[in-house]
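**Student:** mind looking at a prediction? Sequence and model below.
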Amino acid sequence: MELDTDRLDDAALAILSLTLDDGRRVWKGLDWAISDRLYEKGLIEDPVGKSKSLVLTEDGVARAAVALREMFGRGSG
């Protein structure tokens, strides 16, 4: 599958803007409210802890693949 990277970049920028502070500075990670909601939906394992990474559940991996294809896929690949 070929990705529409311009749309993907815009989506990432929009998500990063949710942590906007001091006019232009954003955190490198997700807004905590987003990770909390993903956990509540059973799409990631518990995000609480010192790890800088998140672990997707099996449902999370499947939903991510569908979302990526539907929102950012190009053509029929």
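**Tutor:** Nice, thanks for sending it over. Please read all numbers here as calculations on a predicted model, not as lab measurements.
**Student:** when you work out contacts or count neighbours from here on, use the C-alpha atoms and nothing else.
**Tutor:** Fine.
**Student:** what sits against residue 75?
**Tutor:** Counting by CA atoms under 8 Å, 6 or more residues apart in numbering, residue 75 touches 1-2.
**Student:** start at 33 instead
**Tutor:** With 33 as the first residue, the last one maps to residue 107.
**Student:** any idea how far stretch 102-109 is from the chain center?
**Tutor:** Between the centre of stretch 102-109 and the centre of its chain there are 17 Å (CA atoms, centre = their mean, to the nearest Å).
**Student:** for the longest helix seen in the chain, the averaged confidence score.
**Tutor:** In the chain, assigned by DSSP state H, the helix with the most residues is helix 90-104. The average pLDDT for helix 90-104 rounds to 97.
**Student:** any residues touching it, and which ones?
**Tutor:** Helix 90-104 is contacted by residues 33, 35-37, 39-40, 74-76 when judged by CA under 8 Å, 6+ apart.
**Student:** so can I have JSON lines of those residues showing neighbour count and secondary structure?
**Tutor:** Shown next, in JSON lines, are the contacts of helix 90-104 (neighbours: other CA atoms under 10 Å; DSSP: H, G, I helix; E, B strand; the rest coil):
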{"residue": "33", "neighbour count": "11", "secondary structure": "coil"}
{"residue": "35", "neighbour count": "15", "secondary structure": "strand"}
{"residue": "36", "neighbour count": "15", "secondary structure": "coil"}
{"residue": "37", "neighbour count": "12", "secondary structure": "helix"}
{"residue": "39", "neighbour count": "13", "secondary structure": "helix"}
{"residue": "40", "neighbour count": "15", "secondary structure": "helix"}
{"residue": "74", "neighbour count": "15", "secondary structure": "coil"}
{"residue": "75", "neighbour count": "20", "secondary structure": "coil"}
{"residue": "76", "neighbour count": "20", "secondary structure": "strand"}
